[in-house]
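Chemist: quick one, what's the 3D model for this:
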Amino acid sequence: AMAPKDKTKGEVSDLKAKLAAVIKHGTLPAPGKDGKANGTSKGKGGSTSMGSSAPKDPQAIKRGLFKSILHYMTINVDMSGLFTQMIIASTPTNDIVLKKMLYLYICTYAQQKPDLTLLAVNTLTKDCGDSDPTVRGLALRSLCSLRVPNLVEYLITPLKTALNDRDAYVRRTAVLG
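Modeler: The predicted structure follows:
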């Protein structure tokens, strides 16, 4: 029997491989002869099970992977090694749930990965110009929550724009940001 820590390490490696496959192919690989290529990770509460009934929709696959990654974050497993893959896997998307999960991930690990956070700033800045006011507000709030000193300069333009936004939620976020 594997120790719980080894099991978690294996599941995190599995998530990393799945994320890489989604980035490369847009979907998870088909199960191999052993039926395990999709892998099933049944952590506490049966977090995600992607067996033969795995969703074919790339957005649903990404949601499942992001959800698993956030699950491990909540149980204090360091998921910062996936920073670059998370940003690459999430762009481009119009899925607001995926964006929310990405923003939470970015804000959590921004201070640990200040160099890579610059990649995220680009994504967040683009989202500050989105047509959906909810996305604009969430992106701005996340941008303001990064707490990386050398990235403060990237806040000025989105904040000024948001203060004059036509939507009250975005203006409110800019004032509180």
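
Chemist: how far off centre is stretch 77-93?
Modeler: Counting by CA atoms, centre = their mean, to the nearest Å, stretch 77-93 is centred 5 Å from the centre of its parent chain.

Chemist: now it - C-alpha only, CSV.
Modeler: Provided in CSV are the C-alpha atoms of stretch 77-93 (Å, rounded to 0.1, in the frame of the first residue of the first chain):
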residue,chain,number,x,y,z
VAL,A,77,-0.7,20.5,-1.4
ASP,A,78,1.7,22.8,-3.3
MET,A,79,0.4,23.1,-6.8
SER,A,80,2.7,26.1,-7.8
GLY,A,81,4.6,23.8,-10.2
LEU,A,82,1.6,24.0,-12.6
PHE,A,83,1.7,27.8,-12.9
THR,A,84,2.7,28.0,-16.5
GLN,A,85,0.5,25.1,-17.6
MET,A,86,-2.5,26.6,-15.9
ILE,A,87,-2.2,29.9,-17.7
ILE,A,88,-1.6,28.2,-21.1
ALA,A,89,-4.4,25.8,-20.6
SER,A,90,-6.9,28.5,-19.7
THR,A,91,-6.4,30.8,-22.7
PRO,A,92,-8.4,31.5,-24.7
THR,A,93,-11.7,30.8,-23.0
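
Chemist: out of the helices and strands in this structure, which is least certain?
Modeler: Least confident element among the helices and strands of the chain, by mean pLDDT, DSSP states H and E: strand 40-41 (a mean of 42).

Chemist: roughly how far does Arg147 sit from Asp130?
Modeler: From Arg147 across to Asp130, the span is 23 Å (CB to CB, to the nearest Å). Every residue, glycine included, has its C-beta placed from N, CA and C.

Chemist: packing partners for whichever strand or helix holds Ile61?
Modeler: Using DSSP states H and E, Ile61 sits within helix 58-74. In this structure, helix 58-74 packs against helix 4-25, strand 48-49, helix 83-90, helix 96-109, with contacts taken as 3 or more CB pairs under 8 Å, 6 or more residues apart in numbering; DSSP states H and E.

Chemist: list the buried residues of it.
Modeler: By neighbour count on 16 or more other CB atoms under 10 Å, the buried set for helix 58-74 is 58, 61-66, 68-73.

Chemist: redo the helices and strands packed on helix 58-74 as CSV? Include mean pLDDT, distance to Val175 and mean neighbour count.
Modeler: Below are the helices and strands packed on helix 58-74 laid out as CSV (pLDDT from 0 to 100; distance: least, CB to CB, whole Å; neighbours: other CB atoms under 10 Å):
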stretch, mean pLDDT, distance to Val175, mean neighbour count
helix 4-25, 76, 36, 15
strand 48-49, 44, 38, 17
helix 83-90, 84, 27, 20
helix 96-109, 91, 19, 20
